[in-house]
Structures are given as C-alpha cells and as structure tokens.
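S.K.: Sequence first, then the predicted structure:
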Amino acid sequence: MTALPNLRSLRDRPFELLREMERRGRAVAGGRRAAEGREWVGVAFRMGPETFLVPRDEMREVMALPSHLARVPGARPWILGLSNLRGQLLPVVDLRQFLGSGVTPAVRASRVLVVNHRDIPAGLLVDEVLGFRRFAESEHVAVAPPTLVRCERYLAGAFRRGADGWPVISLRRLVEHPSFLQASVPG
C-alpha cells in the first residue's frame, strides 16, 4: 500500500494539492454519487469571511499570486497589474476590491483564479482556495443566501447541504459585466 502525500507538503503546489484533494474526495464519496444522480463540481474559495463556489468549467487554473505584476497606468485601483502567464498577458484583479468590499491581503494562502473565457483574460485574487466541492444537482437552489461581499448580481444560485449554503459566483457573468470591462479610470 502506497503512503498518501501529506496535504501540507503540497501547499506550495496548488494544482497538485487540488488534484490530491479531489482524489481523496472521490475515494470517500465512493458509490454515493450514483445514488444521488447527476453531479455538479466547483472550486470553493474564501473571500473575506465567506466561502463561495465557482463552476469548474468557468475556471482555467489556480495560481499563486505572482511576485511581480506590471503596473497599468490609468487603471482602476482593483486592477493589481499584468502578469506574464506562459507568454500571455493576464490582468490580475483584486476580486474583493472590485466588488467594493475591501482589499484582499496578499498572504501565503492568497491565490489567483484564472478565468476560463475565450475573449476576456483575467485572474481574480481571492483570500484562499479550498479545493473541489461536489454536489448532487438536486442540492442546487435558485436563490443564494445573503452575502456580506456585495456580489449578488454575479451569483448563479447556491448549493445547500444541511444548514450550509454555498453561493455560486458565475465568473462568466462577472467578467462580461460592463463594470468589469470598464477597467480604466475616467478622465
């Protein structure tokens, strides 16, 4: 029997950490999903004191906050700068600041969610990525619980499990919104 990797040993390799967490989740869930019906998979993240989900297909990858971001003159304060991601420029946005709910501190747990959008490249800084979460589609509710972070216009319902509500943020809806696309300071 092979030893399981310690999750702490993977903290500086976010992709491997997510993959190991997903593998463990699948092992625990076993045959339970077959009985529950179709499954929805998303990535859980923390923004301020709250936890949210994003659909897995709306996210390309998770990366650490780049050590160097090129400043963008004339950009709104929530545009942190440009990063070079494998030869492509990626605007990095402080998601919490964009939503008007304060600045995300750049700490070791901070991560950038790279949006999977054909026309709008964006990386969204969040406080922490918590890994994959799986829900039966029957656990989805159309109305999301109230949130402290002002993001209601970008919510696509929520998943309920017991007393817990997991609001779902649609990254596609967010990056296509006119307020997101107006990244320059008027002047």
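M.R.: Right, received. Where do you want to start?
S.K.: so L174 makes contact with F180?
M.R.: Yes. The pair L174 and F180 qualifies as a contact (CB atoms under 8 Å) at a distance of 6.0 Å. Where you see a C-beta, it was placed from the backbone N, CA and C, and this is true even at glycine.
S.K.: More neighbours: which of the two?
M.R.: Regarding L174 and F180, a neighbour count based on other CB atoms under 10 Å identifies L174 as having more, with 25 against 17.
S.K.: so what's P77 closest to, chain neighbours aside?
M.R.: Of all residues beyond its chain neighbours, the one nearest P77 is Q97 (6.5 Å), with distances taken as CB to CB, 6 or more residues apart in numbering.
S.K.: Touching whichever helix or strand the one you found is part of from outside, list them.
M.R.: Per DSSP states H and E, Q97 falls inside helix 95-98. For helix 95-98, the surrounding residues in contact (CB atoms under 8 Å, 6 or more residues apart in numbering) are 47-48, 77-78, 102-104, 113, 124-127, 149, 180.
S.K.: Past it, which element shows up next along the chain?
M.R.: From helix 95-98 onward toward the C-terminus, using DSSP H and E, the following helix or strand is strand 111-115.
S.K.: Which residues does that following strand contact?
M.R.: Strand 111-115 is contacted from outside by 14, 43, 45, 54, 58-66, 83, 85, 90, 92, 95, 121-126, 128-129, 171-172, 175, using CB under 8 Å, 6+ apart.
S.K.: shaky segments in this protein?
M.R.: Counting by pLDDT under 70, the chain contains low-confidence residues at 1-4, 28-36.
S.K.: Try it again at 90.
M.R.: Judged by pLDDT under 90, the chain has its weakly predicted residues at 1-37, 85-88, 143-146, 149-150, 161-164, 183-187.
S.K.: Mind jotting down where the strands sit in it?
M.R.: The residue ranges that make up the strands of the chain, judged by DSSP state E, are 39-47, 50-55, 59-64, 79-85, 88-94, 111-115, 123-126, 128-136, 140-141, 155-161, 164-169.
S.K.: Please compute how far the third one lies from its chain's middle.
M.R.: It refers to strand 59-64. The gap between the average C-alpha position of strand 59-64 and the chain average comes to 8 Å, counting by CA atoms, centre = their mean, to the nearest Å.
S.K.: Okay, angle between the longest helix along the chain and strand 59-64 too, please.
M.R.: Of all the segments assigned as helix in the chain under DSSP state H, the longest by residue count is helix 14-29. Interaxial angle, helix 14-29 versus strand 59-64 (axes from the mean of the first three to the mean of the last three CA atoms, to 10 degrees): 120 degrees.
S.K.: Which strands or helices does helix 14-29 pack on?
M.R.: Counting by 3 or more CB pairs under 8 Å, 6 or more residues apart in numbering; DSSP states H and E, the packing neighbours recorded for helix 14-29 are strand 59-64, strand 128-136.
S.K.: Let me know which of those is tucked in deepest.
M.R.: The densest packing among the helices and strands packed on helix 14-29, expressed as mean neighbour count by mean count of other CB atoms under 10 Å, is seen in strand 128-136 with a mean of 19.
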